[in-house]
Each structure stands twice: as C-alpha cells, then as structure tokens.
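> Build me a structure from this.
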Amino acid sequence: MNAPLLILAVGNPSRGDDALGPLLLERLHADGLDAGGQVELLCDFQLQVEHTLDLQGRSAVLLVDAARPGVVQAAHIAPLLPRPGRPAPASHALDASTLLGLALALHGATPPAWVLAIEGAAFGLGEGLSPQAHQHLEHAYRLAHAWIGAQLAARINRTASFTDGNSAAAPGGVQTEFESVRGRADLGYCPL
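Model (predicted):
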C-alpha cells in the first residue's frame, strides 16, 4: 500500500543548483518525515512516464524541482493541473503538467498535485550549491512542511467528515496552471 502523500523531487546533484530537489528530500528524510508511513519521498533525475504509476493511490502529490533564475522568487508552491495530450514519441523526460495528463489518460485519475519550484542561480556541471540556493532551500523546506501539515489535516478532516456523517466538502481551492520548471533531461545521481 502506498503512503497517502508523495513528494517526488527531480534534479541532478552534479549540476549545481539543480540539486535543490534532491537536497530538500534529504533534509525531509533526515527529519524522519517518511518514517510514519504517511509520506513517501521519491527522487529521480527527471520525470518519466513510469512515474504515473507512483501517483496512483495517493491523496496528494508534491513535485519538487529547481527553477531557473526569475521563474519564481526564492521558492513557490502552486497547484498543478494535468496538461492533456501525450508527449512526443522521442521524449523520455516530461514536465509536471504532462506527467499528470498522462496519468489521467493512462489510469483514468490523478491525485491533486502541487509543484514546489525552488529558484536556483548556477547550474554548471560540477558546481556546488550557490549561496542563493542555500537560502532558497531553507524557504522551500518551510513550504514543504506547511504543505505536508495541510495535507495531513485535510485527510483527517475528510476522514472525520466521512465517519461522522458530516456532508461538508473537503477544503479546496481554485487550481491554476503553473508552468513546469523542468524543460530538459538531466542525468546524474540522486541519493535517495
């Protein structure tokens, strides 16, 4: 059985600030966030069609990636909508909206999803994390914790509503399209 919440980070630790996603997962794992069975942490170099299987059976998903300078300020979390259609046959890397669209097309459903974009500054091969990225990682860490808390509280509220006969709808909001921050396929090593 899958954990109800999935945090899926992509990035290449060998390319400077592209390591922001994997580094965030390392911190969350070090905190024991995935020890209780409510949250699964998954890391990869890039999003691929196989990740549609990882989305199945989840109550919510957070996709984490580094953003180029100026795409977001420090770190930003936003709801994500599926992009209809299928990627080109030669494509082996997907953006987050296309991944959700494929999950919907292939499996008939997709969980509510958000993207956490973390602003990077330097993405050169062999570079370490930039000073700006260190600061942005701290902000992203707080956003990720807040997202997890909100999702776990929403799960409790939905369960309570279901078990006590309350017909109130689960909290929700307007979902807006957030352009994916990953537009290329990176190769590298992800520690988790």
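
> How far off centre is stretch 34-51?
Centroid displacement of stretch 34-51 relative to its chain, using Cα atoms, centre = their mean, to the nearest Å, is 9 Å.

> I meant stretch 18-34, not that one.
Put simply, stretch 18-34 sits 12 Å off its chain's centre (Cα atoms, centre = their mean).

> any chance you could map the helices in this protein?
Here the chain has its helices, by DSSP state H, at 20-30, 51-55, 96-107, 131-163.

> Indicate which one of those is closest to V39.
Judged by Cβ to Cβ, the one of the helices of the chain that comes nearest to V39 is helix 131-163, at 6.2 Å. No exception for glycine: its C-beta is placed from N, CA and C like everyone else's.

> got the contact list for the residue nearest to Q151 when sequence neighbours are not counted?
Of all residues not flanking Q151 in the chain, A60 sits nearest, at 4.6 Å (Cβ to Cβ, 6 or more residues apart in numbering). With contact set as Cβ atoms under 8 Å, 6 or more residues apart in numbering, A60 has these partners: P4, L5, L6, P111, P112, A113, W114, Q151, A154.

> roughly how far apart are A60 and L6?
8 Å (Cβ to Cβ, to the nearest Å).

> Next, show the common contact partners of these two.
P111.

> Could you count how many residues lie near P82?
18 (other Cβ atoms under 10 Å).

> err, G32, not the other one
Other residues near G32 come to 8 when the count uses other Cβ under 10 Å.

> Okay, it and L20: tell me how far apart.
On the measure of Cβ to Cβ, G32 and L20 end up 21 Å apart.

> Quick check: which ranges of the chain have low pLDDT?
85-93, 158-192 (pLDDT under 70).

> run the last query once more with 90
Low-confidence segments of the chain (pLDDT under 90): 1-3, 32-37, 42-44, 46-57, 70-71, 80-111, 122, 124, 126-128, 152-192.

> What separation do you get for the most centrally placed residue in it and V10?
What sits nearest the mean C-alpha location of the chain, by Cα atoms, centre = their mean, is L63, with 1.1 Å. The gap separating L63 from V10 is 8 Å, by Cβ to Cβ.

> Which neighbours do those two have in common?
Shared contacts of L63 and V10 (Cβ under 8 Å, 6+ apart): L47.

> Could you pull up the residues touching L24?
By Cβ under 8 Å, 6+ apart, the neighbours of L24 are A9, V64, L116, I118, L137, A140, Y141, A144.

> could you flag which of those residues are buried?
By neighbour count, with 16 or more other Cβ atoms under 10 Å, the contacts of L24 hold A9, V64, L116, I118, L137, A140, Y141, A144 as buried.

> Go ahead and confirm the fourth one touches A67.
Spelled out, it's I118. Yes. I118 lies in contact with A67 (Cβ atoms under 8 Å); the separation is 6.3 Å.
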